[in-house]
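J.: Quick one: sequence and predicted model below, then my questions.
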Amino acid sequence: MSELALAAFAARTDSHLVTAPRSQRFARFEREFDERAYLADLAGRGLRWLPRSSPRFPRALGAIFDVPAGLFVRGRAELELLDRPAVAIVGARSCSSYGADVARMLGRELAAAGLVVVSGLARGVDGHAHRGALDAGGLTVAVLGCGIDRNYPAAHAELATRIAEHGLVVSEYAPGVEPAPWRFPARNRIVAGLAQATVVVEARERSGALITADLALEEGREVFAVPGEITSALSNGSNRLLRSGAAALTSADDVLEVFGIEPEAPAALPELSDQAAQIVARLEVEPAGADALARALDLDAGELAAALTELELAGIVSERDGFFRLAAPLGCRRG
């Protein structure tokens, strides 16, 4: 049975298939299927096909229960990238500013340590995890829930292009397949399957990120959850994972330990002005807006602006939604 014919037939019939159907329709399709011409068309579009029978098919993905017929691939990286130690970072599409910052920080630090960051290119946590990996000059893999020739959501087309320049974009779905709600849970098994560990940053009670985590648990993979505020609906799912036995993640080092990667010694902070050092000490307690910082530290507008600019340029502080917070816990900062 041709695995490529199976994937092409699934696209033709708008169905999800991992084994050949016992139907005359498929038998006829397979007889008439011109694999050589199909592969030539893929190559002309800058796409590749990696069947599950190939020795280059990623071993971690090949070990899951519902192995896809293969993966359609675009991107400049070698296919061996899919077989490297990897961590999946997933979470809410409508994440909080805290969730966005944590996802980007984890993507950056884990990629800088040599892990491949896998996610689903969705809005929210997924996108920030990919961006963090790219910020570090690291490698990342995006798994689509639609045809390999599509960028979904369209708002992430530029991000997908950046990922393809340095990593890979993959999908079990052939060119032309439209995104559909039922495809994304199927996509999540590939996200979990490519990674030896999965991190859930934020998740509502019925979040798709929980599907990814459950699939990872079923395959005996490590699952981490970032603890969240008990009053926030965005934390209901991730906190439930913690109650169910997922490991609490407090820094990237928790994940690195699973892979046997020795964390780097924390980088020393650069020499800071007195005002900047005061702001760092204040933000170690909790994020704060500019007005709150000015009042707590008795700084005028000019002093505060200069100190915040100093900290942002040094990568110590970031701002989102009017709140300033440390870009990473000081004990976990990496150079």
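T.: Ah, there it is.

J.: Which stretches in the stretch 1-150 of the chain count as strands?
T.: The residue ranges that make up the strands of the stretch 1-150 of the chain, judged by DSSP state E, counting those that start in this stretch, are 47-51, 70-74, 86-90, 116-119, 140-143.

J.: try the stretch 201-335 of the chain
T.: Defined through DSSP E, counting those that start in this stretch, the strands belonging to the stretch 201-335 of the chain, from first to last, are 222-225, 247-248, 288-289, 317-320, 323-326.

J.: Packing partners of the last one?
T.: With contacts defined as 3 or more C-beta pairs under 8 Å, 6 or more residues apart in numbering; DSSP states H and E, the packing partners of strand 323-326 are helix 97-112, helix 274-283, strand 288-289, strand 317-320. For the C-beta atoms, the positions are set from N, CA and C on the backbone; glycine is no exception.

J.: Can you add mean pLDDT and give those back as a markdown table?
T.: Compiled in a markdown table, the helices and strands packed on strand 323-326 are given as follows (pLDDT from 0 to 100):
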| stretch | mean pLDDT |
| --- | --- |
| helix 97-112 | 93 |
| helix 274-283 | 90 |
| strand 288-289 | 90 |
| strand 317-320 | 84 |
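
J.: Tell me which of these sits most buried.
T.: For these, the stretch with the most neighbours on average is helix 97-112, a mean of 25; neighbours defined as mean count of other C-beta atoms under 10 Å.

J.: what packs against that helix?
T.: Helices and strands touching helix 97-112, by 3+ C-beta pairs under 8 Å, 6+ apart, are strand 86-90, strand 116-119, helix 125-135, helix 252-258, strand 317-320, strand 323-326.

J.: between the ones you listed, which one is nearest to Gly228?
T.: helix 125-135 (11.9 Å; C-beta to C-beta).

J.: got the buried residues for the closest one?
T.: Buried positions in helix 125-135, judged by neighbour count with 16 or more other C-beta atoms under 10 Å: 125-134.

J.: just to revisit the earlier point, need the helices and strands packed on helix 97-112 in TSV (columns: distance to Thr198).
T.: Below are the helices and strands packed on helix 97-112 laid out as TSV (distance: least, C-beta to C-beta, whole Å):
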stretch	distance to Thr198
strand 86-90	4
strand 116-119	9
helix 125-135	11
helix 252-258	10
strand 317-320	25
strand 323-326	25
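
J.: Out of those, which is closest to Ser273?
T.: If you check each of these against Ser273 by C-beta to C-beta, strand 317-320 wins as the nearest, at 13.0 Å.

J.: Could you pull out the helices in the stretch 151-300 of the chain for me?
T.: Counting by DSSP state H, counting those that start in this stretch, the segments of the stretch 151-300 of the chain that form helices are 157-166, 183-193, 208-218, 236-243, 252-258, 274-283, 290-297.

J.: Would you mind giving the strands of the stretch 201-335 of the chain as CSV with distance to Thr161 added?
T.: Formatted as CSV, the entries for the strands of the stretch 201-335 of the chain read as follows, by distance: least, C-beta to C-beta, whole Å:
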stretch, distance to Thr161
strand 222-225, 29
strand 247-248, 34
strand 288-289, 35
strand 317-320, 24
strand 323-326, 29
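
J.: what about Leu272, how many neighbours?
T.: Under the neighbour criterion other C-beta atoms under 10 Å, Leu272 is assigned a count of 16.

J.: and it, backbone torsions?
T.: The phi and psi values for Leu272, taken as degrees, to the nearest 10, are phi -120, psi 150.

J.: how much space is there between it and Glu109?
T.: The gap separating Leu272 from Glu109 is 22 Å, by C-beta to C-beta, to the nearest Å.

J.: and if you look at Leu217?
T.: In this structure, Leu217 and Glu109 are 24 Å apart, going by C-beta to C-beta.

J.: swap in Glu35?
T.: Here the distance between Glu35 and Glu109 works out to 43 Å (C-beta to C-beta).

J.: And Ile279, by the same measure?
T.: Here the criterion is C-beta to C-beta. By it, Ile279 lies 22 Å from Glu109.

J.: Then Asp291?
T.: Distance, Asp291 to Glu109, by C-beta to C-beta: 31 Å.
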